[in-house]
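Student: Dropping a prediction and its sequence here:
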Amino acid sequence: MAPEILPRIHTPADLHGLTDDQLQKLTQEIRDELVRVLSLRPAHFASNLGVVELCLALHLTYDFSKDRLIWDTGHQIYPHKLITGRYSKFDTIRTKGGLMGFPNPAESPFDLFVTGHAGASVSTVAGLKAGDDLMGNSDRKAVAVIGDGAFPCGMVFEAFNNIAGAEQDVLVVLNDNKMGICPRTGGVAQYLDKCRMTGLYRGTKKTVNQILDQVPLLGETARHSLEGIRDALKAYFKDGMLFEELGFRYFGPVDGHDLNGLRKILKDLKSQKGPLLLHVFTNKGHGVQQAADDPVTFHSPAVFEKVGPGREILAFRKGGAKAYTDAMSAAIHNAMADDPRVAVLTAAMCQGNKLEKVRDDYPTRFFDTGICESHAVAFAAGMAKAGAKPIVDIYSTFLQRSFDQIFQEVALQNLPVVMTLDRAGLAGPDGPTHHGAFDVPY
């Protein structure tokens, strides 16, 4: 069935004429379009299904023809493209001369940066806000959307430190779907798993805020005492204290698929000052049951051969020849079987590098550092110095982020670290952000 509403959306301003029912129908039409494009060619899928309501809520709340919006990593940009004048060209996505699978300023003024690598959004949006303030455009709002998988990047914490110190009016939306491309790992992931707003804390926060609002002449000592009780409860329940201690006011978690709820809280946050963090829970693959059940496989799946009336995927198109990635992962597995000193490190790309069998068969010698490539290479240098034989298995494009560690911690120390660069050379449909452009300098 052809979409009715989506073809009429030429700019986000067109969203404001829609009723709540029409907006809900639009979310369905966007998801249907995402399914349809996967019947044409491989593309990012589960991540885009998960942000449909968040995308609409942001564009309904802000005017990003002047306000600032950065989508971190950018592979979840498809709903944004569909409502910013690119629906008629959506068939061309990830083809030569067509739409890029990531944000692209050459396509639309609503895309501010080509964001193909994770973790830079908070820094760039802070820079945009500082630049706007400097140029006399301080009325412009600044929003960065970053996933929980990208959040542990060191650059994110550098940006948080700077934003909090400058007390910038910046909103960071933490899109928490328990995933990067693969399930997240590490201490930050464990912390986010504890960030569940309990009914007791929610009610207490609401009551305390009502008391503070209704008693404007309340003494400072009493006010601080009540706020201390509130913060103590927040600390007890783990809700957002990490972000509060970093200098951000924390809000959430909230349901990322409740369009009306998102609009209400974003409307409230729009008028508030200082560094803000909104913690949003979404489900990768939302709206397509198979993708929701297996978001790793459906991150960038094979082309759909048959799709049922309820968006269920009935069959995939059969693949071609064995990939180099298969050959390399098999070689790594064999090396680990032959020598107990061999270990493998990857940066949140277990599935992309096809290391699942290595992880399952040799769990004590498999290290996933999360999206922290610089750390992975320096980590490997330490392992090599201790006598182990580390293999750093990272996409060529992502290894660029660890140039300094390759030079300083590995090459300069003359340490035996093996680096296997997946997706070397030109990466085809993923475009310039993912080309292995520095293979020769490596």
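Tutor: Received it, and whenever you're ready, just let me know what you need.
Student: which regions of the stretch 101-250 of the chain lie under the pLDDT threshold?
Tutor: 179-240 (pLDDT under 70).
Student: let's go with 80 and repeat that
Tutor: 178-242 (pLDDT under 80).
Student: quick one, strands of the stretch 1-150 of the chain?
Tutor: All strands of the stretch 1-150 of the chain, identified by DSSP state E, counting those that start in this stretch, fall at 68-71, 142-147.
Student: can you tell me which residues contact the closest residue to Met328 other than its chain neighbours?
Tutor: Among residues not flanking Met328 along the chain, Thr420 sits closest, at 5.6 Å (C-beta to C-beta, 6 or more residues apart in numbering). The way it works is simple: take the backbone N, C-alpha and C, and place the C-beta from them, glycine included. With contact taken as C-beta atoms under 8 Å, 6 or more residues apart in numbering, Thr420 is in contact with Met328, Ile332, Ile391, Val392, Asp393, Ile394.
Student: what's the helix or strand for the first one?
Tutor: Spelled out, it's Met328. Per DSSP states H and E: Met328 is located in helix 324-338.
Student: Quick one: mean pLDDT for that helix?
Tutor: When pLDDT is averaged over helix 324-338, the result is 95.
Student: Go through it and flag the buried ones.
Tutor: Applying a neighbour-count criterion of 16 or more other C-beta atoms under 10 Å, one finds Thr325, Met328, Ser329, Ile332, His333, Ala335, Met336 buried in helix 324-338.
Student: Likewise for stretch 401-419?
Tutor: Quick answer for stretch 401-419 (16+ other C-beta under 10 Å): Arg401, Ser402, Gln405, Ile406, Glu409, Val410, Val417, Met419.
Student: So Phe251: helix, strand or coil?
Tutor: strand (DSSP: H, G, I helix; E, B strand; the rest coil).
Student: List the residues that contact it.
Tutor: Phe251 touches Gly240, Ile265, Leu269, Leu276, Leu277, Leu278, His279, counting by C-beta under 8 Å, 6+ apart.
Student: can you pull up the bridge partners for the fifth one?
Tutor: With DSSP bridges applied, Leu277 shows beta-bridge pairing to Val172, Tyr250.
Student: residue contacts, it?
Tutor: Leu171, Val172, Val173, Leu174, Gly240, Phe243, Phe248, Arg249, Tyr250, Phe251, Gly252.
Student: can I assume the third one is in contact with Gly147?
Tutor: To tie it back to what came earlier, the one meant is Val173. No - the pair Val173 / Gly147 is not scored as a contact, 9.8 Å apart, by C-beta atoms under 8 Å.
Student: Apart from its neighbours in sequence, what residue is nearest the residue nearest the centre of the chain?
Tutor: Centroid-nearest residue in the chain: Gly147, 2.8 Å away (criterion: C-alpha atoms, centre = their mean). Nearest non-adjacent residue to Gly147, counting by C-beta to C-beta, 6+ apart: Asn175, 5.0 Å away.
Student: which SS class is the one you found?
Tutor: strand.
Student: residues in contact with it?
Tutor: Contacts of Asn175 by C-beta under 8 Å, 6+ apart are Gly50, Val51, Leu54, Gln76, Val145, Ile146, Gly147, Asp148, Gly256, Val280, Thr282.
Student: go again using 10 Å as the cut-off
Tutor: For Asn175, the contact set (C-beta atoms under 10 Å, 6 or more residues apart in numbering) comprises 47, 50-51, 54, 71-73, 76, 145-151, 256, 278-282, 284.
Student: Cross those against helices and list the overlap.
Tutor: Ser47, Leu54 (DSSP state H).
Student: From the contacts of Asn175, list the buried ones, please.
Tutor: Taking 16+ other C-beta under 10 Å as the criterion, what is buried in the contacts of Asn175 is 47, 50-51, 54, 71-73, 76, 145-151, 256, 278-282, 284.
Student: coming back round to it: which residues are in contact with both of Val173 and Gly147?
Tutor: Val51, Trp71, Asp72, Ser121.
Student: Format the residues you listed as TSV; extra columns: distance to Phe379.
Tutor: Formatted as TSV, those follow (distance: C-beta to C-beta, whole Å):
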residue	distance to Phe379
Val51	31
Trp71	29
Asp72	23
Ser121	25
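Student: Closest one to Ala291 out of the residues you listed, please.
Tutor: Set against Ala291, the nearest of these by C-beta to C-beta is Val51 (13.0 Å).
Student: Torsion angles phi and psi at that closest one?
Tutor: Per-residue torsions, Val51: phi -120, psi 20 (degrees, to the nearest 10).
Student: likewise Gly436?
Tutor: Dihedral angles (degrees, to the nearest 10) for Gly436: phi -80, psi 70.
Student: What of Thr297?
Tutor: Torsion angles at Thr297 (phi, psi; degrees, to the nearest 10) stand at phi -60, psi -40.
Student: Can you name the two of the buried residues of stretch 401-419 that sit furthest apart?
Tutor: Arg401 and Val417 (15.9 Å).
Student: For Leu128, which non-adjacent residue is spatially closest?
Tutor: Arg68 (4.6 Å).
Student: quick one: contacts for that neighbour?
Tutor: Counting by C-beta under 10 Å, 6+ apart, Arg68 has contacts 62, 112, 124-125, 127-129, 131-132, 137, 140-144, 170-171.
Student: and those residues, which are buried?
Tutor: If we count by 16+ other C-beta under 10 Å, the contacts of Arg68 have these buried: 62, 112, 124-125, 128-129, 132, 140-144, 170-171.
Student: Which of those sits closest to Ala381?
Tutor: Thr124 (29.4 Å).
Student: now that closest one: how far from Pro103?
Tutor: Thr124 is 11 Å from Pro103, where distance means C-beta to C-beta, to the nearest Å.
Student: Identify the contacts common to these two.
Tutor: With C-beta under 10 Å, 6+ apart as the test, Thr124 and Pro103 both reach Ile70, Leu112, Phe113, Thr115.
Student: top of these by neighbour count?
Tutor: Greatest neighbour count in the shared contacts of Thr124 and Pro103, by other C-beta atoms under 10 Å, goes to Ile70: 25 neighbours.
Student: doesn't Ala150 make contact with that one?
Tutor: No - counting by C-beta atoms under 10 Å, Ile70 stays clear of Ala150, with 11.8 Å between them.
Student: who touches both of those two?
Tutor: Overlap of the contact sets of Ile70 and Ala150 (by C-beta under 10 Å, 6+ apart) consists of Ala120, Ser121, Val122.
Student: that older thread, for Gly308, state which of the shared contacts of Val173 and Gly147 is nearest.
Tutor: Ranked by distance to Gly308 (C-beta to C-beta), the shared contacts of Val173 and Gly147 are led by Val51 at 23.5 Å.
Student: from memory the closest one sits against Gly285, does it?
Tutor: No - Val51 is not in contact with Gly285 according to C-beta under 10 Å; the separation is 11.2 Å.
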